[in-house]
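Undergrad: Show me the folded form of this:
(one chain, ligands or ions: 3)
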Amino acid sequence: MTAPATEPAAPAAHPLIEADDIKVHFPIKRGIVLDRTVGHVYAVDGVDLVVNRGETYGLVGESGCGKSTLGRAMLKLTEPTSGRVLFDGVDLSAMKGEKLRTMRRRMQMVFQDPMSSLDPRQSVESLLVEGMRAHNLDKGKESTGKRLRELLSAVGLPSTALRKYPHEFSGGQRQRIGIARALTVEPDLIVADEPVSALDVSVQAQVINLLEDLQDEFGLTYLVIAHDLAVVRHISDRVGVMYLGGLVEEATSDDLYAEPLHPYTRALLSAVPVPDPVVEDRRERILLAGDLPSPARPPTGCRFHTRCPWKQAEKCDTERPALREITPGHRVACHWAEDIRDGKIRAHEVKPELVEMEWDAPDDASLAGPASVTETLGP
Ligand SMILES: Nc1ncnc2c1ncn2[C@@H]1O[C@H](COP(=O)(O)OP(=O)(O)OP(=O)(O)O)[C@@H](O)[C@H]1O
Ligand code: SF4
Ligand SMILES: [Mg+2]
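TA: Residues are numbered from 1 along each chain as shown. Ligands and ions are numbered 1, 2, ... in the order given. Model prediction:
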């Protein structure tokens with residue numbers, strides 16, 4: 001048999017949602033009476049990100065790096081400080097009121113902890129019907145009842161679940177209800193923020209598989225946020241890695257895991273054990289020195305320079321690297337990515353730097369948000 005002369009062309013990518021230089025800066029307030037702004041938390045600081053129709057984009061990074069804030073800003077649940085979001089080609093920035101509400105039906109969010117996102121006093125039926133009513137999709141008892149039973153079956157729950165309350169279910173089942181609730185309004189995009197991190201490991205795979213099945217059945221597009229690289233790898237077509245409010249690397253899932261090019265991604269991946277004992281013995285392990293700096297006082301230049309084992313005397317602490325395409329579809333925000341990849345620059349030891357507090361808080365400081373900054377920056 002003769003081989004075809006040319007490879008079949010990959011289907012063209014159609015952006016469903018596009019973030020264009022999105023920034024979300026939360027003000028740090030001080031003083032009970034005057035309520036002065038004394039600084040900002042740079043939670044998201046200039047992110048360009050496109051999720052194509054029908055794909056799953058995984059967003060990973062340490063706690064506090066801005067993943068949830070970016071997800072919320074893309075759905076306009078948090079107002080961006082600057083930048084644009086286009087949904088299906090329409091600019092959401094200037095959209096308000098009824099128009100925005102109608103558009104929102106097409107973008108839904110699934111949260112980490114279904115218990116806190118499901119009202120414990122509402123039955124499953126009432127939780128599911130709520131969104132349908134808000135968007136005029138409740139077409140009478142019979143057709144709505146049929147639709148709810150179909151949705152429950154799609155997420156693997158019996159129709160008897162309709163009469164029960166959230167506390168009567170296990171964590172995994174509650175997450176299934178959360179997913180069914182998002183589906184009631186027939187969305188195009190689902191932003192799933194840590195959808196399985198509150199679940200037992202044995203249940204995590206089931207929920208991930210369910211998300212994949214539903215994607216095929218309902219033609220969904222996903223933005224999946226997780227701190228666990230293993231979760232994102234399994235489900236994502238493309239992966240973006242965030243560090244301190246910025247995207248530092250983006251590639252197809254296969255490329256990113258086969259050849260991570262940003263020092264931060266290399267460090268993250270080096271912490272993930274490999275099942276093959278021979279590979280496990282030989283694999284590179286990069287221990288990051290120091291703590292994650294405060295997003296209220298991000299380092300100058302490359303934000304990773306205080307912890308980077310490849311940091312150079314030139315550029316690293318003075319110029320913020322742009323996200324550049326190094327190979328087709330593989331973007332990296334590092335001045336020295338090619339030299340590091342080619343082994344021309346080698347890793348060196350990093351002395352931990354003291355991470356400063358973001359400001360000298362006086363006794364009367366009333367903190368809007370950043371009070372939790374240091375608390376949320378866990379390992
Ligand atoms: N409403 C807010 N007001 C002030 N600061 C906020 C607010 N929401 C988030 N932040 C801060 O912005 C930064 C980014 O938070 P975000 O929740 O987006 O991080 P994350 O990557 O989702 O973390 P995690 O993995 O812990 O969920 C953190 O320092 C957080 O404390
Ligand atoms: S720009 Fe410099 S500090 Fe930043 S990741 Fe690259 S080598 Fe490290
Ligand atoms: Mg989060």
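
Undergrad: And the strands in this protein?
TA: 15-30, 36-52, 56-60, 82-87, 90-91, 107-110, 189-193, 221-226, 238-243, 246-252, 324-327, 330-332 (DSSP state E).

Undergrad: mind putting those strands in a markdown table, mean pLDDT, mean neighbour count and distance to residue 118 included?
TA: The way it works is simple: take the backbone N, C-alpha and C, and place the C-beta from them, glycine included. Shown next, in a markdown table, are these (pLDDT from 0 to 100; neighbours: other CB atoms under 10 Å; distance: least, CB to CB, whole Å):
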| stretch | mean pLDDT | mean neighbour count | distance to residue 118 |
| --- | --- | --- | --- |
| strand 15-30 | 95 | 19 | 25 |
| strand 36-52 | 95 | 20 | 26 |
| strand 56-60 | 97 | 25 | 24 |
| strand 82-87 | 96 | 17 | 26 |
| strand 90-91 | 94 | 12 | 30 |
| strand 107-110 | 94 | 23 | 11 |
| strand 189-193 | 97 | 24 | 15 |
| strand 221-226 | 97 | 26 | 19 |
| strand 238-243 | 97 | 26 | 28 |
| strand 246-252 | 98 | 24 | 32 |
| strand 324-327 | 97 | 14 | 42 |
| strand 330-332 | 98 | 22 | 37 |
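
Undergrad: JSON lines please, covering those strands and showing distance to ligand 1.
TA: JSON lines is the format used below for these (distance: least, CB to the nearest ligand atom, whole Å):
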{"stretch": "strand 15-30", "distance to ligand 1": "3"}
{"stretch": "strand 36-52", "distance to ligand 1": "3"}
{"stretch": "strand 56-60", "distance to ligand 1": "9"}
{"stretch": "strand 82-87", "distance to ligand 1": "15"}
{"stretch": "strand 90-91", "distance to ligand 1": "23"}
{"stretch": "strand 107-110", "distance to ligand 1": "13"}
{"stretch": "strand 189-193", "distance to ligand 1": "7"}
{"stretch": "strand 221-226", "distance to ligand 1": "7"}
{"stretch": "strand 238-243", "distance to ligand 1": "7"}
{"stretch": "strand 246-252", "distance to ligand 1": "12"}
{"stretch": "strand 324-327", "distance to ligand 1": "23"}
{"stretch": "strand 330-332", "distance to ligand 1": "20"}
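
Undergrad: Pipe those into CSV and attach distance to residue 215 per row.
TA: CSV is the format used below for the strands of the chain (distance: least, CB to CB, whole Å):
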stretch, distance to residue 215
strand 15-30, 13
strand 36-52, 13
strand 56-60, 7
strand 82-87, 18
strand 90-91, 23
strand 107-110, 13
strand 189-193, 9
strand 221-226, 6
strand 238-243, 14
strand 246-252, 17
strand 324-327, 27
strand 330-332, 24
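
Undergrad: Go through these and name the closest to ligand 2.
TA: Closest to ligand 2 of the strands of the chain is strand 246-252 (CB to the nearest ligand atom; 7.3 Å).

Undergrad: Pull the distance from the closest one to the chain's centre.
TA: Taking the mean of its C-alpha atoms, strand 246-252 sits 12 Å from the chain's own mean (CA atoms, centre = their mean, to the nearest Å).

Undergrad: now it against strand 36-52, angle please.
TA: Calculated by axes from the mean of the first three to the mean of the last three CA atoms, to 10 degrees, strand 246-252 forms an angle of 10 degrees with strand 36-52.

Undergrad: near ligand 2 at all, strand 246-252?
TA: No. Counting by CB under 6 Å from any ligand atom, ligand 2 is not contacted by strand 246-252; separation bottoms out at 7.3 Å.

Undergrad: Adjacent strands (with direction) for that strand?
TA: strand 238-243 (antiparallel), strand 330-332 (antiparallel) (DSSP bridges).

Undergrad: The residue in the stretch 1-150 of the chain that ligand 2 sits nearest to: how many residues sit nearby?
TA: For the stretch 1-150 of the chain and ligand 2, the shortest gap (CB to the nearest ligand atom) falls at residue 61, measuring 14.2 Å. Residues lying near residue 61 (other CB atoms under 10 Å) number 26.

Undergrad: How about the contacts made by it?
TA: Residue 61 makes contact with 67, 227, 241-243 under the criterion CB atoms under 8 Å, 6 or more residues apart in numbering.

Undergrad: sorry, back to before: I'd like to know which of the strands of the chain lies nearest to residue 349.
TA: Smallest distance to residue 349 across those (CB to CB): 20.2 Å, for strand 238-243.

Undergrad: Quick check: which of the strands of the chain is nearest to residue 267?
TA: strand 238-243 (10.1 Å).

Undergrad: Identify the residues contacting the closest residue to residue 106 other than its chain neighbours.
TA: Nearest residue to residue 106, sequence neighbours excluded (CB to CB, 6 or more residues apart in numbering): residue 188, at 4.7 Å. Taking CB under 8 Å, 6+ apart, we find residue 188 in contact with 16, 53, 88, 106-107, 219-221.

Undergrad: Can you give me the pLDDT of residue 188?
TA: Looking at residue 188, its pLDDT reads 97.

Undergrad: Over to residue 98?
TA: The per-residue pLDDT reported for residue 98 equals 89.

Undergrad: where's the closest residue to ligand 1 within the stretch 201-350 of the chain relative to ligand 2, distance?
TA: Across the stretch 201-350 of the chain, the shortest distance to ligand 1 (CB to the nearest ligand atom) belongs to residue 295, at 4.6 Å. Per CB to the nearest ligand atom, to the nearest Å, residue 295 is found 17 Å from ligand 2.
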